[in-house]
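1. Test case, fold it:
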Amino acid sequence: MIRTGPSLLAAVSPASLVLEVVPAIPQEARRHFAAKLAVEADPWDVHHDLVTGSAPLVVVDTRTRASYAEEHVAGAINLPYCEMSEESTAHLSRDTVYIAYCSHPGCNASTKGAARLAELGFAVKEMIGGLEYWKREGFRTEKGA
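-> Below is the predicted model of the structure:
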């Protein structure tokens with residue numbers, strides 16, 4: 001049984017920083033985490049779907065052309081977020097899901113790129129951790145334009 005509300009708090013030290021704000025009820029927590037998963041994917045799941053072909057995905061490197069040429073997710077296309085427009089995305093299919101990524105968790109080019117792709121009407125998710133976490137998982141990268 002999940003303990004929530006006063007019964008949970010009664011068992012917690014009054015000095016708890018984690019429980020200074022009471023946890024959401026399970027239904028609210030489920031909605032929150034589902035909403036998060038609707039816009040994010042992790043490198044392992046992206047790699048899995050690419051290898052198995054279980055979903056129509058295109059991985060999009062949203063960084064500069066120079067950063068892409070230095071190293072990128074194997075098979076990723078380069079579409080710098082600052083160049084995204086109706087014209088630059090006209091060749092992209094509307095029947096796929098685009099996975100935007102950038103360098104690492106401190107980089108927000110993927111967030112900017114994902115927002116622009118969504119604004120342009122594409123189904124998109126952001127790959128959390130970016131290239132750094134892709135490499136941590138041991139997945140293949142490429143160099144060159």
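2. Now for residue 94: which residues touch it?
-> Contacts for residue 94 (CB atoms under 8 Å, 6 or more residues apart in numbering) come out as 121-123. For the C-beta atoms, the positions are set from N, CA and C on the backbone; glycine is no exception.
3. host element of it?
-> Using DSSP states H and E, residue 94 falls within no helix or strand.
4. that older thread, dump the contacts of residue 94 into JSON lines; add secondary structure and neighbour count as well.
-> Formatted as JSON lines, the contacts of residue 94 follow (DSSP: H, G, I helix; E, B strand; the rest coil; neighbours: other CB atoms under 10 Å):
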{"residue": "121", "secondary structure": "coil", "neighbour count": "10"}
{"residue": "122", "secondary structure": "coil", "neighbour count": "20"}
{"residue": "123", "secondary structure": "strand", "neighbour count": "13"}
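5. any idea which of those residues is closest to residue 78?
-> Nearest to residue 78 among the contacts of residue 94, counting by CB to CB, is residue 122 at 15.9 Å.
6. The closest residue to that closest one other than its chain neighbours - how many residues pack around it?
-> Once flanking residues are discounted, residue 122 sits nearest to residue 98: 5.4 Å by CB to CB, 6 or more residues apart in numbering. By other CB atoms under 10 Å, the residues close to residue 98 number 24.
7. At which residues are the strands of this structure located?
-> 40-41, 57-61, 72-73, 77-78, 97-101, 123-127, 141-142 (DSSP state E).
8. Deepest-packed of these, please.
-> strand 97-101 (a mean of 25; mean count of other CB atoms under 10 Å).
9. Relative to it, what are the paired strands and their orientations?
-> Applying DSSP bridges to the sheet, strand 97-101 is found paired with strand 57-61 (parallel), strand 123-127 (parallel).
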